[in-house]
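[1] What shape does this take:
(2 chains)
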Number of protein chains: 2
Amino acid sequence: MNTAPTTAHTSAPRPVYLDCDTGIDDSMALAYLLRSPEVELVGVGTVSGNVDAARAARNTLDLLALAGRPDVPVAVGAHHPLAGEFAGPVPHIHGENGVGGIALAPSDRRPVAEDAATLLGRLAREHAGALSVITVGPTTNIATALRRDPELPGLVRDVTTMGGAALVPGNVTAVAEANVRNDPEAAAELIAAPWDVMLVPLDVTLENQLTEADREALLGADDPLAQAVGAMLDHYFGFYTPLYGRRGCALHDPLAAAIAVGSVQPTRAPAVELVIDTTHGPGRGQTIADLRGQRLGPVDRPGVRTRVVLDTDRPLGPLLVERLLGTARAAA
Amino acid sequence: MNTAPTTAHTSAPRPVYLDCDTGIDDSMALAYLLRSPEVELVGVGTVSGNVDAARAARNTLDLLALAGRPDVPVAVGAHHPLAGEFAGPVPHIHGENGVGGIALAPSDRRPVAEDAATLLGRLAREHAGALSVITVGPTTNIATALRRDPELPGLVRDVTTMGGAALVPGNVTAVAEANVRNDPEAAAELIAAPWDVMLVPLDVTLENQLTEADREALLGADDPLAQAVGAMLDHYFGFYTPLYGRRGCALHDPLAAAIAVGSVQPTRAPAVELVIDTTHGPGRGQTIADLRGQRLGPVDRPGVRTRVVLDTDRPLGPLLVERLLGTARAAA
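    You can find the predicted model right below:
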């Protein structure tokens, strides 16, 4: 394992807002952000997806306490998508409690009184021009914040959003990925807003994996946060074993975090028109990226501010383990 | 070039019905079928797509005359798709007359009096259980034949249809391929019918190309049909040059013909659910193939009769040139 510092950071850490449905891979994304010196997590909003928004907040608070960061504000966000109702959690993937059935020590903190969209709006003004927004769940809270404050896009530095499937099959339908499918209308509003969006789809997240050796390394850590991630991965690995033919898991949400942090760099991420299918036909929830004309190499469409990540410079797995074990920080 | 016989054919040639919108690559498909001893072309129906149905019939008759096969019946089919109206020809791709602007010697034959759907229905009964149907244009005529005769699927041996884009971008929208997009409702009816369908999508047709050397070989042939194909390719190559970065073209329609003939074999063609997006949303005309769960290798869904070709055993280009030059037949 490379124990050299993975990123030279000489400037002040960038403020980051995370919107999540915590969730095992959300937990990894959260841990990754907390252990990345390039960024400072200034707030977390939750949404229903892997679990419901309230449960996601509970899990997030417990993880923050475990990480020694009980100061980070957590706001409960939308329980239902913009249209329709929350379809319910996915315990076969994330466990009954969203964190693989492991018992996290309960934090005595509570969510903040404001909702996630309000927290996001407030943080965007407090950190005007500097805030990076990372979404790893359905984007209902972001759409709600956009509706409440049309100036929001001008206040935010950039948006990194885990979702969609460009040239690979979906994971909840033949063409739709879960985060987008769970609130297509919200994803459409996020995509349509005038800000820089980096879409991190299944095309790349499925190519970044953790192995059983990685999990054992996390389990053996001194850091209770890394230990907890290692423990909850047992359930998650079970879900992914048939997909990969061996124990392991995809790194959906942490890849969005690592790209937002800058520790994983997209090497192919053309700026292309994105459209979300909000019909009620068979394509509902599909993230349609117009990737025509890219055969000879990535081509950016002029004036387009939405990028789709199709390849990255390094595998996230070893880097994630390194950051959660603190080996990179110790060497820095 | 391999001049050995490409397929051992000991049985009688299989009867084939071709439905096309002739078109330059339709011309190649037609020529391929006429020069393949494994099959006997027993009828051609035309439809509006690359050109209108009447023009497609004219081109087909002229090509059949050039090939010395004026006996093959040609029926004009649907001018308009099942819903809406024909969007018009695409002269920037196929030339003003559909055959790259070259002047084919006009045949004195006329289309048969019956329409294409009727011709197909009649041929299916005449060759009950034996007829292979190949579609290389919008499938309006097939849908019309199915509506007229619900017994049709039981009479037809198999259907090979050029269309769709499974894991690659579309060619007329981000997700839709031209043949399907030009009549999504008809494609949906073809896919839903109880017969064996082999879908030949852009995923494979774009990987099979002709080169400038291939074109020159055809131009230098003794056979006037091969010469004509070589001549019309000049225009077609111009359209494809920006896509491939060199002069050449994709082999959309002839690949469907070669797979139907059996001279190119699919090596990855899982039986999966296919759904055509017939909404009027951004996915209209998309051929949604459910390719989830195929990561570790092709998996056939039980009871499913629609296959999607994702890989083949050999490049079609050299084989097409060989067949059109007659070198394979001469050696056989």
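
[2] mind listing what the nearest residue to residue A:49 once chain neighbours are set aside touches?
    Spatial nearest neighbour of residue A:49, excluding adjacent residues (Cβ to Cβ, 6 or more residues apart in numbering or on different chains): residue A:21 at 3.1 Å. Glycine gets a C-beta too; all of them are placed from N, C-alpha and C. Contacts for residue A:21 (Cβ atoms under 8 Å, 6 or more residues apart in numbering or on different chains) come out as A:46, A:47, A:48, A:49, A:50, A:51, A:53, A:56, A:136, A:137, A:138.

[3] so what's residue A:43 bridging to?
    Note on residue A:43: beta-bridge partners by DSSP bridges are residue A:17.

[4] Roughly how far does it sit from residue B:36?
    Residue A:43 sits 67 Å away from residue B:36, going by Cβ to Cβ, to the nearest Å.

[5] repeat for residue A:239
    Going from residue A:239 to residue B:36 by Cβ to Cβ gives 48 Å.

[6] Tell me which of those two has more neighbours.
    residue B:36 (26 against 17; other Cβ atoms under 10 Å in any protein chain shown).

[7] Need the three-state assignment for the more buried one.
    coil (DSSP: H, G, I helix; E, B strand; the rest coil).

[8] Next: residue A:69.
    coil.

[9] who's in contact with it?
    Shown in contact with residue A:69 (Cβ under 8 Å, 6+ apart): A:34, A:41.

[10] mind checking pLDDT for it?
    At residue A:69, the pLDDT value in this model is 98.

[11] about what we covered before: out of the contacts of residue A:21, who's the most crowded?
    For these, the largest number of neighbours (other Cβ under 10 Å) sits with residue A:47, at 36 neighbours.

[12] can you tell me how far that one sits from residue A:264?
    For residue A:47, the distance to residue A:264 equals 24 Å [Cβ to Cβ].

[13] count of residues packed around the residue of the stretch 101-250 of chain A found nearest chain B?
    Closest contact between the stretch 101-250 of chain A and chain B, by Cβ to the nearest Cβ, is at residue A:174 (3.9 Å). Other residues lying near residue A:174 total 22 when counted by other Cβ under 10 Å.

[14] so it sits in a strand?
    No - Residue A:174: not assigned to a strand; according to three-state DSSP it is coil.

[15] Which residue, neighbours along the chain excluded, lies closest to it?
    In space, and not counting its chain neighbours, residue A:174 is closest to residue B:290: 3.9 Å by Cβ to Cβ, 6+ apart.

[16] Enumerate every residue touching that neighbour.
    By Cβ under 8 Å, 6+ apart, residue B:290 lies in contact with A:169, A:174, B:272, B:273, B:274, B:275, B:301.

[17] can you redo these as a markdown table with secondary structure, pLDDT and distance to residue A:163?
    Listed next are the contacts of residue B:290 as a markdown table, based on DSSP: H, G, I helix; E, B strand; the rest coil; pLDDT from 0 to 100; distance: Cβ to Cβ, whole Å:
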| residue | secondary structure | pLDDT | distance to residue A:163 |
| --- | --- | --- | --- |
| A:169 | coil | 98 | 14 |
| A:174 | coil | 98 | 16 |
| B:272 | coil | 98 | 24 |
| B:273 | coil | 98 | 23 |
| B:274 | strand | 98 | 25 |
| B:275 | strand | 98 | 22 |
| B:301 | coil | 97 | 26 |
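
[18] Now, of these, which are buried?
    The neighbour-count criterion (16 or more other Cβ atoms under 10 Å in any protein chain shown) marks A:169, A:174, B:272, B:273, B:274, B:275 among these as buried.

[19] I'd like those laid out as TSV, including distance to residue A:204.
    Below are these laid out as TSV (distance: Cβ to Cβ, whole Å):
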residue	distance to residue A:204
A:169	14
A:174	19
B:272	23
B:273	26
B:274	26
B:275	26
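
[20] Name the nearest of these relative to residue A:84.
    Closest approach between the buried ones among the contacts of residue B:290 and residue A:84, by Cβ to Cβ: residue A:174, at 20.2 Å.

[21] Contacts only, for that closest one.
    By Cβ under 8 Å, 6+ apart, the contact list for residue A:174 reads A:282, B:273, B:275, B:288, B:289, B:290, B:291, B:292.

[22] how far away is the fourth one from residue B:308?
    Okay, so that is residue B:288. To residue B:308, residue B:288 is 10 Å away according to Cβ to Cβ.

[23] for the last one, same thing?
    Using Cβ to Cβ, residue B:292 is found at 13 Å from residue B:308.

[24] So for these two, which residue has more residues nearby?
    Per other Cβ under 10 Å, whichever of residue B:292 and residue B:308 has more neighbours is residue B:308, with 28 against 19.

[25] State whether that one and residue B:165 are indeed in contact, as I suppose.
    No - the pair residue B:308 and residue B:165 fails to qualify as a contact (Cβ atoms under 8 Å) at a distance of 10.3 Å.

[26] if I look at these two, which residues touch both of them?
    B:201, B:203.

[27] Could you tell me which residues of the stretch 151-300 of chain A lie near chain B?
    Contacts of the stretch 151-300 of chain A with chain B, taken as Cβ under 8 Å from any Cβ of the partner chain, map to A:167-171, A:174-175, A:243-245, A:273, A:275, A:277-283, A:286, A:288-296.

[28] hey, where'd the strands end up in the stretch 201-332 of chain A?
    A:209-211, A:248-250, A:266-268, A:274-276, A:287-289, A:306-308, A:311-312 (DSSP state E, counting those that start in this stretch).

[29] can you give me phi and psi for residue A:141?
    phi -60, psi -40 (degrees, to the nearest 10).

[30] Could you double-check that it sits in contact with residue A:123?
    No - here residue A:141 does not reach residue A:123: they are 12.0 Å apart, not a contact under Cβ under 8 Å.

[31] Overlap in contacts, these two.
    Counting by Cβ under 8 Å, 6+ apart, nothing touches both residue A:141 and residue A:123.

[32] I'd like to know how many residues surround residue A:227.
    Residue A:227 has 17 neighbouring residues, counting by other Cβ under 10 Å.

[33] do the same with residue A:18
    Per other Cβ under 10 Å, the neighbour tally for residue A:18 reads 31.

[34] is the spatially closest residue to residue A:282 that is not a sequence neighbour in a bridge, and if so with what?
    Among residues not flanking residue A:282 along the chain, residue B:275 sits closest, at 4.6 Å (Cβ to Cβ, 6+ apart). Here residue B:275 sits in beta bridges with residue B:288, as judged by DSSP bridges.

[35] and residue B:275, what does it touch?
    Residue B:275 makes contacts with A:174, A:282, B:188, B:191, B:287, B:288, B:290, as judged by Cβ under 8 Å, 6+ apart.

[36] quick one: contacts for the second one?
    Right, the one you point to is residue A:282. Counting by Cβ under 8 Å, 6+ apart, residue A:282 touches A:173, A:174, A:175, B:275, B:277, B:279, B:283, B:288.

[37] now do the fifth one
    For residue B:287, the set of contacting residues under the criterion of Cβ under 8 Å, 6+ apart consists of B:163-166, B:176-177, B:180, B:187, B:199, B:201, B:274-277.

[38] Any stretches of the stretch 1-150 of chain A with poor pLDDT?
    Counting by pLDDT under 70, the stretch 1-150 of chain A shows low-confidence ranges at A:1-10.
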